[in-house]
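# compute the structure for the input listed below.
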Amino acid sequence: MPTSVLLTGAAGRVGTAVLDDLSDEYEWRLLDRDPPTEELPGEFVVCDITDESAVREAMAGIDAVIHLAGDPRKEAPWSSVLPNNIDGTRVVYEAAVDAGVETVAFASSNHAVGAYETDERLPDLYRTGDDFRLDGAELPRPGNLYGVSKATGEILGRYYHDEFGLSVACVRIGNLTKDHPPVDYERGQAMWLSYRDCAHLFQRCIEADYGYEIVYGISDNDRKYYSLERAREVLGYEPQDNSAEFE
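Numbering: from 1, shown residues only. The predicted model follows:
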């Protein structure tokens, strides 16, 4: 079980969700490009994710990594996603391997498969039932350059697992909101992820025993087109929330 965890992109929305529930669970080393504006647990490292020497220094003595840092904008241009989301992710994987870290949980995105959502498919995608589910075994199908960068991060994880034995879980995060899912927005309800389910999922990613996995980061919504089967079976993910409770 890990005791020390490096959390990159700690000041972002996903990082906030993780720390809200897990602040007392580990010895945290938090990394972000800007200094914190509030008190956070553990040690805080201010550096850019593309700074290899700084990332390597931050990685020293770490048991597991939750890698969230990057440009989160779905409209982010190539000039940003290349250094921040692709080069930066390679830096993290490389530093983790060299430091002897065993596990990296990588924050991928629903945008890595966003192009499965066409006008023709939408009525089926957003229905209830088990007729259709994306389960992580399908090929990436990004709908924007941000999605391309996240799919690339998944492929990099595959390489570092196969080549160096690093355990990597790629979490295709859905629609993360702190309080309740979007109202009158079927897509948002189908891919809703609550803060506490988000924290629990990433905790399972760094504590479970596995090799390489792609899982979907959503709550246990009645209306969903992402499968939770692998997350449940391999990671022991047990989501507590359901967007249907807020309709």
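# quick one: the helices in this protein?
13-22, 52-59, 78-81, 88-99, 122-125, 145-164, 186-190, 195-207, 229-230 (DSSP state H).
# tally of neighbours for the nearest residue to Val14 once chain neighbours are set aside?
Distance criterion CB to CB, 6 or more residues apart in numbering; nearest residue to Val14, sequence neighbours excluded, is Leu68 at 5.0 Å. Glycine gets a C-beta too; all of them are placed from N, C-alpha and C. By other CB atoms under 10 Å, the residues close to Leu68 number 26.
# correct me, but Leu68 touches Val5?
No - using CB atoms under 8 Å, Leu68 is not in contact with Val5, being 11.8 Å away.
# now for those two: what residues contact both?
Shared contacts of Leu68 and Val5 (CB atoms under 8 Å, 6 or more residues apart in numbering): none.
# thinking again about what came up before, how far away is the residue nearest to Val14 from Ala190?
23 Å (CB to CB, to the nearest Å).
# my read: Thr89 touches Leu156, true?
Yes - counting by CB under 8 Å, Thr89 touches Leu156, with 5.8 Å between them.
# more neighbours: which of the two?
More crowded of Thr89 and Leu156, by other CB under 10 Å: Thr89, with 28 against 19.
# who's in contact with the residue nearest to the more buried one when sequence neighbours are not counted?
Excluding the flanking residues, the one nearest Thr89 by CB to CB, 6+ apart is Gly153, at 4.4 Å. By CB under 8 Å, 6+ apart, the contact list for Gly153 reads 85-86, 89, 106, 108, 170.
# of those, which is the nearest to Leu40?
Checking those against Leu40 by CB to CB gives Phe106 as the nearest, at 21.4 Å.
# hang on, isn't that closest one packed against Thr89?
Yes - shown here, Phe106 and Thr89 form a contact pair, counting by CB under 8 Å, at 7.0 Å.
# distance of Val45 from Glu229?
36 Å.
# what's the burial count for Val234?
17.
# pLDDT score assigned to Val14?
Listed pLDDT for Val14 reads 97.
# and what of Glu117?
Reported pLDDT for Glu117: 78.
# surely it and Gly143 touch.
Yes - using CB under 8 Å, Glu117 is in contact with Gly143, at 7.3 Å.
# next one: the residue nearest the centre of the chain from Cys205, what distance?
In the chain, the C-alpha nearest the mean C-alpha coordinate belongs to Ala107, at 2.1 Å (CA atoms, centre = their mean). With distances taken as CB to CB, Ala107 is found 10 Å from Cys205.
# give me the common contacts of these two.
Contacts common to Ala107 and Cys205, judged by CB under 8 Å, 6+ apart, are 66, 171.
# if we can go back for a sec, neighbour count: Val45 and Glu229, which is higher?
Val45 (18 against 14).
# bridging residues for the more buried one?
Leu31 (DSSP bridges).
# returning to what we had before: among the helices of the chain, which is nearest Asp179?
helix 195-207 (8.4 Å).
# any regions of the chain where pLDDT drops low?
Filtered on pLDDT under 70, the chain yields the residue ranges 118-132, 247.
# nearest residue to Ser4 in space, please, no chain neighbours.
Using CB to CB, 6+ apart, the nearest residue to Ser4 is Glu27, at 4.4 Å.
# quick check: Phe44 touching Pro35?
Yes - using CB under 8 Å as the test, Phe44 is close enough to Pro35 to be in contact (7.1 Å).
# these two: who's more crowded?
Ranked by neighbour count (other CB under 10 Å), Phe44 and Pro35 place Phe44 first, with 16 against 9.
# so who does that one touch?
Counted by CB under 8 Å, 6+ apart, Phe44 has contacts 10, 29-32, 35-36.
# for the closest residue to Gly12 other than its chain neighbours, give me its contacts.
Leaving aside its sequence neighbours, Gly12 sits nearest to Leu68 (CB to CB, 6+ apart; 5.9 Å). By CB under 8 Å, 6+ apart, the contact set of Leu68 is 7-10, 12, 14-15, 18, 107.
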